[in-house]
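>>> Need coordinates for the below:
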Amino acid sequence: MLLRMKNICLSVGCLFAGFGLFAQKDTVAEKFAATIKAEELKAHLEIFASDEFEGRETGEKGQKLAKDYLVKHYKEYGLQPGNNGSYTQDFHLVSIENEGVSLAIGGIELTPFEDFFYFKGLKDNTFETEELAYVGYGIDDDKYSDYEGIDVEGKVVLMYNGEPAKKGKFIFTNSEVASDWTFDRKKKMEVAKAKGAKAMIVVLENYTQQFGRFKGYLMANRLMSPEKLPQDDFPIFYVSEEKVEALLNQFPKLNKKIAKARSKAKAKSMTFPLKVKMAISEKKRLVNTENVLAFIEGSDLKDEILVISSHFDHIGIVDGQINNGADDDGSGTVSVLELAQAFAEAKENGNGPRRSILFMNFTGEEKGLLGSEFYSDNPVFALENTVADLNIDMIGRRDAKHSKDPRYVYIIGSDKLSSDLHNWSEAANSTYTNIELDYEYNDPKDPNRFYYRSDHYNFAKHGIPVIFYFTGVHEDYHKPTDTVEKIEFNKMEEIVQLVFHTAWKIANADSRPVVDKENDFEAK
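Numbering: from 1, shown residues only. Prediction:
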């Protein structure tokens, strides 16, 4: 996580090649980049992240108001509608709401969200089993298996989150960085299902922290594409370690064996005569929502499209409190507005781009990148003609790492597919903005997996080069305290100007950024 990507271009020759791209400053580009101003970003955000917009939850009143705000300003700036005469791309989702969920172990009822949580999107289901099978970390691998000597057919399996380690190093990687057995929860689920288990209970040692991380998502309704409605009847419940230990204390000898086995990084599997009862019932309703698309037509290369994007939804009202999402992703969305205005002014003054530019604000990002997924499955402009996506998500704050210097931005994905795109980004920064480009989260071993967690990924998975601009997670992430007064607008101004110069290069270069690398990443 603390290492930069090894394949980032750092050789002297490569640096000279990058600087050659911007050997002299483009005074025309500078002129229009300078129209991007902190005070204008602030003026937009004070409205966009206000209580009036009710946290902009996908499909709800506030998201519709946000959509209207964006369309109004794109029209004022003179941009064309981006979807065959419309500024929106409308589609349907299905909202999944809890009607009732229950979990009882050994006759003791657990309290939803206090003792356990689960992610919505399962078939309605009710069942009982007579035994609870403890399977260590739930891993089955050639090098190590928690399923040796135990039959879990028809049982609920209980496992700890994560994977075994010895002397501070994980046994699968022999390092302090965990493997996919920690990061990919589907892996353990597939093993358990293949062995005939009926459900999984995952023990979380840091339950309060994990629940807090997902609380907004868990408490809100889940949205899914109609064609992807749940067909799975295999529940996964995440339970606090304290609650599980209290239940297993009925079997002190076995509990001691578990503790001893875990301390040796080898969890001996065993079965407890504990009855497990689960019930899931979910209500579904249709929700209408829309992406926002605005367009500037290029000149001689107009059939090639550069996308500049953000998501304009947030998590709405949770526990009666409005989550305004000033940084997430109000900051990115007002940045896209400013970029659109700058390029529109350039075109009006006879300096329009050679390639066309599609300014796109996605809905449903907080629900699983649903808006960008819908666009990539139903593109208005052919994906093979889409040359790059520059995606802006959370650039208004600073994280703990950069507490003493706000002049930075995390660059994610720039070198994954195209050396050109990475070099142009570096050169734009060294020529015009000179802020720190931090590649920490570009590392494929980054446990946060930010490369997969914003809308650019739905372009990257189709082989389209991307850059994700991000300034990190802060203490107000997905909380009502993510408000406008905490945004650093001067910092934002510099980052948005960097995006402008990178976009200007992409839009006007003789050739589109060449895809010269294979995308060896898959979503987990």
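
>>> what's residue 117 sitting at in phi/psi?
phi -140, psi 160 (degrees, to the nearest 10).

>>> Now do the contacts for it.
Taking Cβ atoms under 8 Å, 6 or more residues apart in numbering, we find residue 117 in contact with 211, 214, 218, 237, 238. For glycine as for every other residue, the C-beta is placed from the backbone atoms N, C-alpha and C.

>>> among the residues you listed, which two are most distant?
214 and 237 (13.5 Å; Cβ to Cβ).

>>> so where is the stretch 401-524 of the chain shaky, pLDDT-wise?
Scanning the stretch 401-524 of the chain for pLDDT under 70 picks out the ranges 519-524.

>>> ok so, going back, helices - which of the contacts of residue 117 land there?
211, 214, 218 (DSSP state H).

>>> on that earlier part again, residue 214 and residue 237 - which one has more neighbours?
Each of residue 214 and residue 237 has its neighbours counted (other Cβ atoms under 10 Å); residue 237 has more, 23 against 13.

>>> Tell me the spacing between that one and residue 121.
Distance, residue 237 to residue 121, using Cβ to Cβ, to the nearest Å: 14 Å.

>>> Then residue 113?
17 Å.

>>> Looking at those two, which is more packed in?
residue 121 (17 against 12).

>>> how about the longest helix belonging to the chain as CSV, C-alpha atoms only?
Ranked by residue count and defined by DSSP H, the top helix of the chain is helix 489-508. What follows is helix 489-508, C-alpha atoms only, in CSV (Å, rounded to 0.1, in the frame of the first residue of the first chain):
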residue,chain,number,x,y,z
PHE,A,489,-11.7,25.2,-2.7
ASN,A,490,-8.2,26.5,-3.5
LYS,A,491,-6.9,22.9,-3.5
MET,A,492,-9.8,21.9,-5.7
GLU,A,493,-9.1,24.7,-8.2
GLU,A,494,-5.6,23.4,-8.8
ILE,A,495,-6.7,19.8,-9.3
VAL,A,496,-9.5,20.8,-11.7
GLN,A,497,-7.0,22.8,-13.7
LEU,A,498,-4.8,19.8,-13.9
VAL,A,499,-7.7,17.8,-15.2
PHE,A,500,-8.4,20.5,-17.7
HIS,A,501,-4.8,20.5,-19.1
THR,A,502,-4.8,16.7,-19.3
ALA,A,503,-8.2,16.8,-21.1
TRP,A,504,-7.0,19.5,-23.4
LYS,A,505,-4.1,17.4,-24.5
ILE,A,506,-6.3,14.3,-25.0
ALA,A,507,-8.9,16.3,-26.9
ASN,A,508,-6.4,17.9,-29.3
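
>>> Run the chain-centre distance for it.
Distance of helix 489-508 from its chain centroid, counting by Cα atoms, centre = their mean, to the nearest Å, is 22 Å.

>>> dump the residue contacts of the closest residue to residue 300 other than its chain neighbours.
Of all residues not flanking residue 300 in the chain, residue 354 sits nearest, at 5.7 Å (Cβ to Cβ, 6 or more residues apart in numbering). By Cβ under 8 Å, 6+ apart, residue 354 lies in contact with 298, 299, 300, 301, 302, 507, 508.

>>> I'd guessed the first one sits against residue 304; true?
Yes. Applying Cβ atoms under 8 Å, one finds residue 298 in contact with residue 304, separated by 7.2 Å.

>>> Overlap of the contact sets of the two?
355, 356.

>>> residues near residue 132, how many?
Neighbours of residue 132 (other Cβ under 10 Å): 22.

>>> Let me know the next secondary structure element after the helix or strand of the chain with the lowest mean pLDDT.
Ranked by mean pLDDT, DSSP states H and E, the helix or strand of the chain with the weakest confidence is helix 12-21, at a mean of 43. On the C-terminal side of helix 12-21, the nearest following helix or strand under DSSP states H and E is helix 27-33.

>>> Give me the below-cutoff pLDDT ranges for the protein.
1-23, 230-232, 254, 260-268, 519-524.

>>> Show me the helices in it, by range?
12-21, 27-33, 38-48, 61-77, 180-183, 185-194, 207-219, 241-248, 252-263, 332-348, 370-377, 419-428, 457-460, 489-508.

>>> need the ones you listed in a markdown table with distance to residue 412, can you?
Converted to a markdown table, those look like this (distance: least, Cβ to Cβ, whole Å):
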| stretch | distance to residue 412 |
| --- | --- |
| helix 12-21 | 19 |
| helix 27-33 | 22 |
| helix 38-48 | 22 |
| helix 61-77 | 24 |
| helix 180-183 | 17 |
| helix 185-194 | 22 |
| helix 207-219 | 20 |
| helix 241-248 | 33 |
| helix 252-263 | 35 |
| helix 332-348 | 13 |
| helix 370-377 | 15 |
| helix 419-428 | 11 |
| helix 457-460 | 10 |
| helix 489-508 | 13 |
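
>>> Point out the one among the ones you listed that comes closest to residue 434.
Across the helices of the chain, closest to residue 434 is helix 489-508 (Cβ to Cβ), at 8.9 Å.
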